[in-house]
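**Student:** one predicted model, sequence on top.
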Amino acid sequence: MLAADLALPLTATPAEWIAVALADLDAVHQDHLHCERKAAQSALSLVRSYPERADLVLAVARLAHEETAHVVQMSQLLARRGLVGTLDHGDEYAAALRDLCRRAEPDRLLDRLLVFALIEARSAERLALLAAAISDPATASLYGALAAAEVRHRDTFLELAAQVAAEAWRDRLTELARGEAAIVASLPIRPRIH
């Protein structure tokens, strides 16, 4: 297990994001449904790519199961609000982060785990901001619970990264976090989780 006080080097979301998100909360909910689906798929992609790593397979399969439950919760939220799902228009943020991953193994596995940790960390931060700002208690509670889950998922990916590269993962995380900060700064502020 990692030390409980591990600080992931994440820059803060721009302050304007929460106002933009609250101004079109329905779009945020619809986008978040896609984020949860993609998180489950990303976790399962590790099972496909690294079936020989039994500890990794078990950890990410459990994580994917929880992300799938989040898809159900978000679908239920959309239904309560009288909304239907929208087409997924992609995620420039996640795509740009994936472009930072090295291609050769074992560096590729390490980078994928760290990129997934960064995505979970960013999601946790923004879901917590929403939980604190949304006036509907049920929706705020849901987002608070989802934020806590994303923190657990971040930590799962970091623990797996530490197992893969005990000596190198922290330095690589710092490098990738700098790249993540540049990506966030380059993207427009939209009513989306990323």
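**Tutor:** Sure thing, it's come through.

**Student:** got a list of what residue 23 touches?
**Tutor:** residue 191 (C-beta atoms under 8 Å, 6 or more residues apart in numbering). (C-beta placed from N, C-alpha, C; glycine too.)

**Student:** typed the wrong thing, it's residue 70
**Tutor:** 36, 39, 146, 149.

**Student:** can you do 6 Å?
**Tutor:** Counting by C-beta atoms under 6 Å, 6 or more residues apart in numbering, residue 70 makes contact with residue 36.

**Student:** and it, how far from residue 190?
**Tutor:** 21 Å (C-beta to C-beta, to the nearest Å).

**Student:** same question, residue 114
**Tutor:** For residue 114, the distance to residue 190 - C-beta to C-beta - is 25 Å.

**Student:** quick one: which of the two has more around it?
**Tutor:** With neighbours defined as other C-beta atoms under 10 Å, residue 114 and residue 190 compare such that residue 114 has more, 29 against 15.

**Student:** residue nearest the centroid of the protein?
**Tutor:** With distances taken as C-alpha atoms, centre = their mean, residue 120 lies nearest the centre of the chain, 2.6 Å away.

**Student:** what's the local residue count around the nearest residue to that residue once chain neighbours are set aside?
**Tutor:** Nearest residue to residue 120, sequence neighbours excluded (C-beta to C-beta, 6 or more residues apart in numbering): residue 154, at 4.0 Å. A total of 23 residues lie near residue 154 under the criterion other C-beta under 10 Å.

**Student:** any idea which helix or strand comes after whichever helix or strand residue 154 is part of?
**Tutor:** If you go by DSSP states H and E, residue 154 is part of helix 137-164. Where DSSP H and E defines the elements, the next helix or strand beyond helix 137-164 is helix 169-186.

**Student:** quick check: buried residues in that next one?
**Tutor:** Under the neighbour-count criterion of 16 or more other C-beta atoms under 10 Å, helix 169-186 has 169, 172, 173, 176, 177, 180, 183, 184 buried.

**Student:** quick one: the last one and residue 48, what's the gap?
**Tutor:** Spelled out, that is residue 184. 29 Å.

**Student:** show me where pLDDT drops low in the protein?
**Tutor:** 1-7 (pLDDT under 70).

**Student:** that one: helices as residue ranges?
**Tutor:** 16-23, 25-49, 54-80, 92-99, 107-133, 137-164, 169-186 (DSSP state H).

**Student:** re the thing from before, elements contacting the helix holding residue 154?
**Tutor:** The contact analysis (3 or more C-beta pairs under 6 Å, 6 or more residues apart in numbering; DSSP states H and E) places helix 137-164 against helix 54-80, helix 107-133.
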